[in-house]
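A.B. asks: Sharing a model prediction with you, sequence too.
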Amino acid sequence: EELETSKEEVQSTNEELATVNDELHARNVELSQINNDVINLLSSVQIAIIMLGSNLRIRRYTPMAEKLLNLIPSDVGRPLSDIKMKLDVPDIDKLVSDTIDSMASHEREVRDEQGHWYLLRIRPYRTLEQRLEGAVVMLVDVDSLKQSQEMLRQQTELLNQAHEPIIMWELDGAIDYWNKSAEETYGYTREEALGRRNHELLLTSPAYETFADELRERGHWSGELIHTRRDGQKIVVESRMVVVTDTEGRHRVVEANRSVTERKESERTLRRLADDLVTADRHKDEFLAMLAHELRNPLAPLRNVVSLLKSPKADAANNARALDIMDRQITNMARLIDDLLDVSRITLSQIELRTELLDVGALAKAAAEQNESSFVSREQSLQLTLPAQPLHVDADPVRLEQIVGNLLSNASKYTQPGGNIRLTVTTSKDDGQNAKQVLIRVEDDGAGIAPDDLPHVFDLFMRATRSIDQQYGGLGVGLTLVKRLVEMHGGTVQAESDGLGKGSRFTVCLPAVLSQAHSPPAVIDSSNEEPCARRILIVDDSVDHIDTLAMALRTGPHEVRIAESGVRALEIAAQFRPEFVFIDIGMPGMDGYELARRLREKEATASARLIALSGYGHAAARDSASDAGFAEYLVKPVDPRKILSLIQS
């Protein structure tokens, strides 16, 4: 029974052993299959993987690791430190040890000897029972990704460095790119712009729908837009938009803008300048026509006067009247030419002021007397209001008299016969009730100035009416000359009028001189002195000029000789020994400068007073005359009375 029992037990044990053996066989088959799967998996994985034990010895590796790290089958079981890898990772042993000790993964981007980029990942090797038995080292090829990232970085940097604002936004969506130029142009930072709608942020004009429909249909749009900066300033841009589709299927708009605000402003400026040039050209044509008209005006009465003087029936009364007309017309023509030359000189900055302390009241009175004949001929009334005490300014007496004279002449010209003109000299006071400015005001009850013309009355060639056959004369340069001369004296001039037919007011403001350290030079009245007889030589190639000037000078006690050339003048001067020599500058052959130098070298004329007579009035001619030895420089035409006064003084 015991044997039978033992037999049964042995049989049961055999059955159990058979069952265990079947299980072991099944497990061996399963392990073999798993091993095959692992081997095939590792062989097919295009990633370099090395499995290390806790002692840092190689347990297994993939074919990619064999190729990349220069491994051979016999390297299995060798320490990792014995392997010479082709990677620039000198501390890989330490990294693996740290991973095993800390049970934390490590990642790092590394390069091989050829500069190829890999992502090095080191992770702990854990069993199914969560025991730590080593580490797994993986090298993932990220070179193409790295190059793509570098290219993307360069493109982003390039976009950031672009001078034009570049914006990217989803079609019908929000902004997701905003470069540095966009920040500078529109005033919004990148953080402030991202996530907002482009047209709402920049208050785009025209409306968004204007170009959105075309973007949807055609995929691009270009044109001009008006954007509003953060500070509210409007910017005109040339905008180009292109729709692109990203990897996620989203439609994004790439918008590049170029500011054309300055160009638009330049275009407006150029158009304005072109309009000004057209206007100036029209004024020039009108001026030339008016110049011909104004120059012919005095020539007509002069020719009539000549005919009258030649007539045998002319009596003394008619001759006297004819001479008055001739004197007045020549004076008008000389003033016309002088005004034109003065405007040119001021434009070229060739006028030099010779300032001195002046009594404005006395000078205004003298200017009024100069224009008295004009008032008398037109039966106009001049009311002169001067201060009780002298008012002084630091000014050029000739130019200041010219300013007042031009304003009075203008008032007379635009005031009807029998009209009234007022000349007032007064002051504006400062807080201490001292004279701060001297005011010279010329008022009339004449034609007045239209409101549209009032801002332009001081423009060159500007006239109240531009019709050639209009009743008022002049070229439109007088007031321009007044304004420029006043400004050269540090003052201002203002024009006022209540409209056409209501007269006009011109006010000149000049800085007053408060401290009078010296008095104005005294005027020597030599009108009653008996003139001394002088020896005078006149040299000019214009026969008519020297003949008429000689006749005028011979009305006094003077002895006058004439010469038509420099050579002839030297011959006469050697015998005549003149005290005064009037010389024309622009003579053919020997000019006035050369003649003056030769006269200075001669003993007979070394002390003679040389006076230049010339049609040139610019500063260079005056300087050349001074260098040649001339004591005075007179610009033609010169009133013979001025020459007689010069000789007498």
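C.D. replies: That came through, no problem.
A.B. asks: where along the stretch 401-550 of the chain do the helices fall?
C.D. replies: Using DSSP state H, counting those that start in this stretch, the helices assigned to the stretch 401-550 of the chain run over residues 478-488, 543-553.
A.B. asks: Could you list the buried residues of the first one?
C.D. replies: Along helix 478-488, the positions that meet the burial threshold by neighbour count (16 or more other C-beta atoms under 10 Å) are 478-486, 488. (C-beta placed from N, C-alpha, C; glycine too.)
A.B. asks: Could you dump the helices of the stretch 401-550 of the chain into JSON lines with mean pLDDT added?
C.D. replies: Output for the helices of the stretch 401-550 of the chain, formatted as JSON lines (pLDDT from 0 to 100):
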{"stretch": "helix 478-488", "mean pLDDT": "84"}
{"stretch": "helix 543-553", "mean pLDDT": "83"}
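A.B. asks: which element is Thr13 on?
C.D. replies: helix 2-44 (DSSP states H and E).
A.B. asks: Relative to the whole chain's centre, how far out is the helix or strand hosting Leu215?
C.D. replies: Element membership of Leu215 [criterion: DSSP H and E] is helix 209-218. Centroid separation between helix 209-218 and its chain, computed with C-alpha atoms, centre = their mean, to the nearest Å, is 39 Å.
A.B. asks: ok, the residue nearest the centre of the chain to Pro63 distance?
C.D. replies: Nearest to the geometric centre of the chain sits Ser266, at 10.1 Å (C-alpha atoms, centre = their mean). According to C-beta to C-beta, to the nearest Å, Ser266 and Pro63 sit 69 Å apart.
A.B. asks: Check Ser428 too.
C.D. replies: 104 Å.
A.B. asks: When these two are compared, which one has more neighbours?
C.D. replies: Pro63 (15 against 11; other C-beta atoms under 10 Å).
A.B. asks: Can you spell out which helices and strands pack onto the helix holding Thr13?
C.D. replies: The contact analysis (3 or more C-beta pairs under 8 Å, 6 or more residues apart in numbering; DSSP states H and E) places helix 2-44 against no helix or strand.
A.B. asks: Show me what whichever helix or strand comes after it is in contact with.
C.D. replies: Next in sequence after helix 2-44, counting helices and strands by DSSP H and E, comes strand 48-53. With contacts defined as C-beta atoms under 8 Å, 6 or more residues apart in numbering, strand 48-53 is touched by 42, 58-62, 64-65, 67-69, 71, 80, 96, 118, 125, 133-139.
A.B. asks: Return the set of residues that bridge with the nearest residue to Thr492 once chain neighbours are set aside.
C.D. replies: Nearest residue to Thr492 in three dimensions, chain neighbours excluded: Cys509, at 5.0 Å (C-beta to C-beta, 6 or more residues apart in numbering). As for beta bridges, Cys509 partners with Leu439, Thr492 under DSSP bridges.
A.B. asks: who's in contact with Cys509?
C.D. replies: Taking C-beta under 8 Å, 6+ apart as the test, what Cys509 contacts is 428, 437-439, 491-494.
A.B. asks: Selection in PyMOL covering whichever of those are buried, please.
C.D. replies: Command for PyMOL that selects the buried part of the contacts of Cys509, burial taken from 16+ other C-beta under 10 Å:
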select buried, resi 437+438+439+491+493
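A.B. asks: Now pLDDT too, for the contacts of Cys509, in a markdown table please.
C.D. replies: Shown next, in a markdown table, are these (pLDDT from 0 to 100):
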| residue | pLDDT |
| --- | --- |
| Ser428 | 82 |
| Gln437 | 88 |
| Val438 | 91 |
| Leu439 | 93 |
| Gly491 | 92 |
| Thr492 | 93 |
| Val493 | 93 |
| Gln494 | 93 |
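A.B. asks: CSV for the contacts of Cys509, including distance to Gln575?
C.D. replies: As requested, the contacts of Cys509 are exported to CSV (distance: C-beta to C-beta, whole Å):
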residue, distance to Gln575
Ser428, 63
Gln437, 59
Val438, 55
Leu439, 58
Gly491, 54
Thr492, 58
Val493, 55
Gln494, 61
